[in-house]
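>>> Turn this into a structure:
(one chain, ligands or ions: 1)
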Amino acid sequence: MSKILITGSAGQVGGELLSELMKQHSSSDILLTDISGLERISDEYEKMILDVRKYGDIKKIIEENDIKYIFHLASILSAKGEENPMLAFDVNMNGTHNILAASVELGVSRVFIPSTIGVFGPEAKKDNTPTWNASRPRTMYGITKFTGEFLMQYYFERNGLDTRGIRYPGLLSYKTPPTAGTTDYAVDMIMHAARKKDYICYLKEDASLPMMYMPDAMENTIKLFNAPAASLRYRGEYNISSFTFSPGELAQAIREFVPGFKVEYRPDYRQKIAESWPKSLDCSDAIKDWGFKIRFTLKEMIENMILNMRQ
Ligand SMILES: NC(=O)c1ccc[n+]([C@@H]2O[C@H](COP(=O)([O-])OP(=O)(O)OC[C@H]3O[C@@H](n4cnc5c(N)ncnc54)[C@H](O)[C@@H]3O)[C@@H](O)[C@H]2O)c1
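Next comes the predicted model:
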């Protein structure tokens, strides 16, 4: 039977995507891979070590498991990428190119690769940033993810490979802690509030960024993945976002549920990354082409996260 391969499946998005896919598939339809961390995933699933920098290993896994669909999540995110640009370049560029080239070579039907708001640079419009707007990213993460979008377009036009992707904003989840991104403070802040602890934030109080609750991100990922090919005008560059908030605004919204919650602001190198990104996105292309829609407001998300974190 044809299978779905997920790379980077032990990461923050991997676990959540798996839950979403399991609404329509059985565990035998899915092969989970990562370079490490697979022990955190239930043994109910088939799991294999895969370093996406190794082209031969990717080909072997696709061939031996009759892989039809790929969700390529393996990546080095923004903050870790600035600490180790060589690694970010290697994993994000070579990993993405290997997945696309092997998919062409072995006839994979569809490949989903998430992109990011990090593809925009400081020259882009800060508010309501459109799909194509002065994309001169300044982080290694942004440079590699932007190039990934071009590679998706390249193999679509050259070989007809059905490539699809979304530029995720900062994603918030109560299930899997984030590890290496610039927007991670938001989950951490809510986690501290849920435990009634004060929080020290590494961004400035007014550093506004686009964000989204994980269930909305996953539902829309599957929606785009299943959308009719003819309705898509873009490959990897669909902007999506639910709302924009700054650390100060998030702290204020949290106080409705945790009165007296205290935050101190001590910006570090991640503030510069945040300043180079848009504050809000124009998502009209995603709405028009494949029906992008969200369920959770900021207030509903905070309430839902605190409730689940406390449980
Ligand atoms: N989480 C967010 O807020 C966010 C926002 C925008 C875009 N994205 C995108 O979503 C995707 C998944 O992100 P995430 O948040 O799950 O990241 P993550 O850092 O939580 O997980 C990435 C996974 O990739 C794995 N990995 C690293 N190097 C590898 C290699 N050489 N071979 C195989 N696996 C390797 C890691 O072990 C990790 O489990 C990425 O493409 C990222 O750019 C995430």
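
>>> Tell me the residues of this structure that contact the ligand?
With CB under 6 Å from any ligand atom as the criterion, the chain meets the ligand at residues 7-8, 10-14, 34-37, 50-53, 73-75, 77, 91, 95, 114, 116, 145, 168, 170-171, 178-181, 183. Glycine gets a C-beta too; all of them are placed from N, C-alpha and C.

>>> The residues you listed in strands, which ones?
Residues of those located in strands (DSSP state E): 7, 34, 116, 168, 170, 171.

>>> The first one pairs with what?
Spelled out, that is residue 7. Note on residue 7: beta-bridge partners residue 72, judged by DSSP bridges.

>>> The fourth one now?
For residue 168, the beta-bridge assignment (DSSP bridges) gives partners residue 116.

>>> Tally up the residues packed near it, please.
Neighbour count of residue 168, defined by other CB atoms under 10 Å: 25.

>>> Ok, residue 307 next?
For residue 307, using other CB under 10 Å, the count is 12.

>>> before we move on, the earlier item: give me the buried entries from the residues of the chain next to the ligand.
7-8, 10-14, 34-35, 50-53, 73-75, 77, 91, 95, 114, 116, 145, 168, 170-171, 178, 180-181, 183 (16 or more other CB atoms under 10 Å).

>>> Which part of the chain gets nearest to the ligand, residue-wise?
Nearest residue of the chain to the ligand: residue 11, at 1.9 Å (CB to the nearest ligand atom).

>>> what separates that residue from residue 89, distance-wise?
18 Å (CB to CB, to the nearest Å).

>>> Please enumerate the strands of the stretch 201-311 of the chain.
209-213, 238-239, 243-245, 263-265 (DSSP state E, counting those that start in this stretch).

>>> could you dump the first one to CSV, C-alpha only?
C-alpha atoms of strand 209-213 as CSV (Å, rounded to 0.1, in the frame of the first residue of the first chain):
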residue,chain,number,x,y,z
LEU,A,209,4.5,39.1,15.1
PRO,A,210,1.9,37.1,13.3
MET,A,211,0.9,33.9,15.1
MET,A,212,-1.5,30.9,14.9
TYR,A,213,-2.8,28.1,17.2
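
>>> so what's residue 275 up against?
122, 207 (CB atoms under 8 Å, 6 or more residues apart in numbering).

>>> I should have written residue 199 there, sorry.
Residue 199 touches 188, 189, 192, 193, 251, 261, 262, 263, 264, counting by CB under 8 Å, 6+ apart.

>>> one more time with 6 Å
189, 192, 263 (CB atoms under 6 Å, 6 or more residues apart in numbering).

>>> can I get those residues in JSON lines with pLDDT?
Output for the contacts of residue 199, formatted as JSON lines (pLDDT from 0 to 100):
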{"residue": "189", "pLDDT": "96"}
{"residue": "192", "pLDDT": "95"}
{"residue": "263", "pLDDT": "97"}
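
>>> Just name the closest of those residues to residue 25, please.
Among these, residue 189 lies closest to residue 25 (CB to CB), at 34.2 Å.

>>> Number of residues surrounding that closest one?
22.

>>> which residues of the stretch 51-200 of the chain score low on pLDDT?
Counting by pLDDT under 70, the stretch 51-200 of the chain contains low-confidence residues at 178.

>>> What ranges does it have for its helices?
For the stretch 51-200 of the chain, the helices defined by DSSP state H, counting those that start in this stretch occupy 55-64, 78-83, 85-89, 95-106, 140-159, 185-194.

>>> Can you tell me which helices and strands the third one packs against?
Just to be clear, that refers to helix 85-89. helix 140-159 (3 or more CB pairs under 6 Å, 6 or more residues apart in numbering; DSSP states H and E).

>>> List the buried residues in the helix it packs on.
So for helix 140-159, counting by 16+ other CB under 10 Å, buried means 140-149, 151-152, 154-156.

>>> Could you do stretch 199-209 as well?
For stretch 199-209, burial by neighbour count (16+ other CB under 10 Å) applies to 199, 201, 202, 203, 204, 207, 208, 209.

>>> Stretch 267-275 too?
267, 270, 271, 273, 274.

>>> Break this protein down into its structural domains.
3-169+213-239, 170-212+242-310 (automatic domain parsing).

>>> Quote the end-to-end distance of the last one.
When you say that, I think you mean domain 170-212+242-310. Start and end residues of domain 170-212+242-310 are separated by 22 Å (CA to CA, to the nearest Å).
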